[in-house]
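S.K.: Can you look at this prediction? I've put the sequence above it.
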Amino acid sequence: MNASGIPGTATSAARRFAAGAALLLRGIGLYVRSPGLMLLGVVPALISGAIFLTAYAILVFFVGDLAVAATPFADDWPAAARSAVRVIAALAFLGLGGLLTVLTFTAVTLVIGDPFYEKISERVERRYGGTPDAVEVPFWPSLRRSAADSVRLVALAALVGIPLFAAGFIPLIGQTVVPVVGAAVGGWLLAVELVGAPFYRRGKRLRERRAALTADRPTALGFGVAVFVCFLIPLGAVLLMPAAVAGATLLARRSLGQPITED
């Protein structure tokens, strides 16, 4: 126990979580200081953003019908109870849609903007000492592997999202605990997704980057949850995607024991 009565491990985890969130702020700082290259990263994000914003708007438009279709058991309930359960169902649909939208947006944008984000990541690496263990990875094989890994992560998000969606129907828990768990799951998957470029540059695949981030999970979660929350803000995902890539490069270097401070 420390002086405040909080277990030291919990304090350490909280500090590392905060340090992970700070990596996104550092990514934003790099974005601001290198606007020329970073602005190129907004182009693929704008393309993906237009697609996913339209898709989510369609979900919002039809969410009432989906809530009715998902709760046929409430057809004969009193009006107040029927309305309450269908509001909960609508919120559950919107929550699941938000989780999948953020993760799928990231995966699709990284594939579309692979050359742009690779350049951003490389520039960040050079700023902090380069990549001593870099390997030559041809563009097309790298793009195929990146797409395949993104599909796996999105499938995992859908698999996890289904029980979260079901839990969303539970009064109180569905509106308090479930969003927090959803942000944690979404943040973790975003962190794993966004560090893809620096790990590929070192010849490391999805399994290896997952293992590296797991070794310091609080830091990875801090970064991922910060990105997840910012991506939920309207236009946040579009404007902050290049900064998230820059911050993820710092996260990758930290997880691999490489310097993230300038000489």
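M.R.: Everything's here; your move.
S.K.: which other helices and strands contact the helix or strand where residue 124 lies?
M.R.: Element membership for residue 124, per DSSP states H and E: helix 114-127. Under the contact definition 3 or more Cβ pairs under 8 Å, 6 or more residues apart in numbering; DSSP states H and E, helix 114-127 sits against helix 35-40, helix 42-70, helix 139-167, helix 196-201, helix 236-255. Backbone N, C-alpha and C define where each C-beta goes, glycine included.
S.K.: 7 Å instead?
M.R.: Here helix 114-127 touches helix 35-40, helix 196-201, helix 236-255, going by 3 or more Cβ pairs under 7 Å, 6 or more residues apart in numbering; DSSP states H and E.
S.K.: Determine which of those approaches residue 69 most closely.
M.R.: Relative to residue 69, the nearest member of the helices and strands packed on helix 114-127 by Cβ to Cβ is helix 236-255, separated by 28.8 Å.
S.K.: got the angle between that closest one and helix 42-70?
M.R.: With axes from the mean of the first three to the mean of the last three Cα atoms, to 10 degrees defining the directions, helix 236-255 sits at 110 degrees from helix 42-70.
S.K.: Could you give me the buried positions within the helix or strand that contains residue 186?
M.R.: Taking DSSP H and E as the criterion, residue 186 maps to helix 173-194. Residues of helix 173-194 classed as buried by neighbour count (16 or more other Cβ atoms under 10 Å): 174, 178-179, 182-183, 185-194.
S.K.: if I look at the nearest residue to residue 63 once chain neighbours are set aside, how far off is residue 79?
M.R.: Spatially, and ignoring its direct neighbours in sequence, residue 63 is nearest to residue 90 (4.8 Å; Cβ to Cβ, 6 or more residues apart in numbering). For residue 90, the distance to residue 79 (Cβ to Cβ, to the nearest Å) stands at 16 Å.
S.K.: cool, and residue 149?
M.R.: Applying Cβ to Cβ, the value for residue 149 to residue 79 is 48 Å.
S.K.: quick revisit: between residue 90 and residue 79, which is the more surrounded one?
M.R.: Shown here are residue 90 and residue 79; by other Cβ atoms under 10 Å, residue 90 has more neighbours (20 against 7).
S.K.: Look up the pLDDT of that one for me, please.
M.R.: On pLDDT, residue 90 comes in at 90.
S.K.: And the helix or strand containing it, what's buried?
M.R.: Residue 90 is part of helix 79-112, with elements assigned from DSSP H and E. If you call a residue buried by 16+ other Cβ under 10 Å, then helix 79-112 has these buried ones: 82, 85-86, 88-112.
S.K.: With stretch 41-61 instead?
M.R.: For stretch 41-61, by 16+ other Cβ under 10 Å, it's 41-42, 44-46, 48-49, 52-53, 56, 59.
S.K.: For that stretch, give the mean pLDDT please.
M.R.: Across stretch 41-61, the average pLDDT comes to 91.
S.K.: picking that back up, which of the buried residues of stretch 41-61 sits closest to residue 132?
M.R.: Distances from residue 132 to those, taken by Cβ to Cβ, are shortest for residue 41, at 25.1 Å.
S.K.: of the buried residues of helix 173-194, closest to residue 73?
M.R.: Among those, and counting by Cβ to Cβ, the member closest to residue 73 is residue 174, at 16.5 Å.
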